[in-house]
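In: Please work out how this folds:
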Amino acid sequence: MDSRYRPSLLLRNPHVQTILGSSRLRAVGIGRLLAGAVRRIVETETGARLMGYLNEPAGKAKGLAILLHGWEGSAASSYIRSLAGRLLKAGFRVFRMNLRDHGDTHHLNEGLFHGALTEETYQAVKIASNFADDLPSFLVGFSLGGNFALRVAARDADEPIAGLRHVVAVSPALDPLKATLAIDESFVYRRYFLKKWKRSLRRKERLFPHLYDFKSLMKHDTCMALTENIVPYFPQFRDYRHYFGHYTIKDSFFASLRTPVTVITSADDPIIDADEFQDLRPHPLLRIIVTTFGGHCGFFMRFPSPCLHEELMEDLFAREAEGRHDRAH
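Out: Next up, the predicted model:
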């Protein structure tokens, strides 16, 4: 993969790649493509309500792509919009789904978001896959959304999602504790995530003042400290280590895979340790791509495009969709 990925010298800096990954400039002009999005609310068996946006391509759809953003991102994040625009142009129906308490969705559920909401997210993806009708569906997740996507793939082994053809995780956090500590080591990343997280908590507090009082939490100046002190709001977890353990991916996590999974990560990711992927037990349906450069969810060849992961997904999904057509006829 590195043979086709040779970014310019400036783009070989992992922090430049990471920061540009969320730049609004990369989604310039895509608004017209996404203007016709239909808002859809998915209600799960767990009682959760998640909101997303469904777009149709100009011609006949080849399949459905369900996109999951990263922590404190949303369906409107530039990297989500950029990929959505590319897949729409390629003929795919796209559903950009917000995780709980992300985007303009804090009012939909009384309960707080946390990273271990596996069943809720699996059920939402399963319901959203019905938007594909009889076409194949694909799931893509970025960063924490990539972690969720991998957990959905593992959960799919027990209760398959009809039509799910491939799962792609871009820069997924396998060990959320280590990722949180890595964020805290950087003033820039720590400030960015803390600001967005605290803003989200304040919004939740305003909507449900009878349930939440986060004043004491606002004094914490690291993501780790805030995590430790918010865990008491989730009585199902003994402490922060127990909490993180519920969505840590390791060892034989993918032993029973039924759906192909592709992971795209970089050796220079400032948040995710690429060595973690070497500890995963190999599986014939698991493909792990580790590039030399790319940062965290960057992978730009040039800015604002093209991106390696976007090209890979367009090609991969097109081949999968064509393969389905060949088998059906």
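
In: Skip the chain neighbours and tell me the closest residue to residue 321.
Out: Taking Cβ to Cβ, 6 or more residues apart in numbering, and ignoring the residues beside it in sequence, residue 321 has residue 62 as its nearest neighbour in space, at 4.2 Å. For every residue, glycine as well, the C-beta is placed using N, CA and C.

In: next one: stretch 181-193 to chain centre, how far?
Out: Averaging C-alpha positions (Cα atoms, centre = their mean, to the nearest Å) puts stretch 181-193 19 Å from its chain's average.

In: CA atoms only: put stretch 157-177 into CSV for me.
Out: Listed in CSV are the C-alpha atoms of stretch 157-177, where the atom choice follows Å, rounded to 0.1, in the frame of the first residue of the first chain:
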residue,chain,number,x,y,z
ALA,A,157,-20.8,-12.8,14.0
ASP,A,158,-23.5,-13.7,16.6
GLU,A,159,-26.4,-12.0,14.9
PRO,A,160,-25.7,-11.2,11.2
ILE,A,161,-26.8,-8.0,9.6
ALA,A,162,-28.5,-8.9,6.4
GLY,A,163,-26.7,-7.4,3.4
LEU,A,164,-23.6,-6.2,5.3
ARG,A,165,-20.8,-6.8,2.9
HIS,A,166,-17.7,-5.1,4.4
VAL,A,167,-16.6,-3.1,7.4
VAL,A,168,-13.9,-0.5,7.2
ALA,A,169,-12.2,1.1,10.2
VAL,A,170,-10.0,4.2,9.7
SER,A,171,-7.5,4.9,12.5
PRO,A,172,-9.5,2.9,15.0
ALA,A,173,-8.7,3.1,18.7
LEU,A,174,-8.1,-0.4,19.9
ASP,A,175,-7.1,0.6,23.4
PRO,A,176,-9.1,3.6,24.5
LEU,A,177,-7.2,4.1,27.7
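
In: so for that stretch, what's the average pLDDT?
Out: pLDDT averaged over stretch 157-177 equals 96, rounded to a whole number.

In: quick one: that stretch to chain centroid distance?
Out: For stretch 157-177 - counting by Cα atoms, centre = their mean - the centre lies 10 Å from the chain centre.

In: Ok, stretch 27-40 next?
Out: With Cα atoms, centre = their mean as the basis, stretch 27-40 stands 19 Å off its chain's centre.

In: Low-confidence regions, this structure specifically.
Out: By pLDDT under 70, the weakly predicted segments of the chain are 1-3, 324-329.

In: on that earlier part again, got the phi/psi numbers for the residue nearest to residue 321?
Out: Taking degrees, to the nearest 10, you get phi -90, psi -20 for the backbone angles of residue 62.
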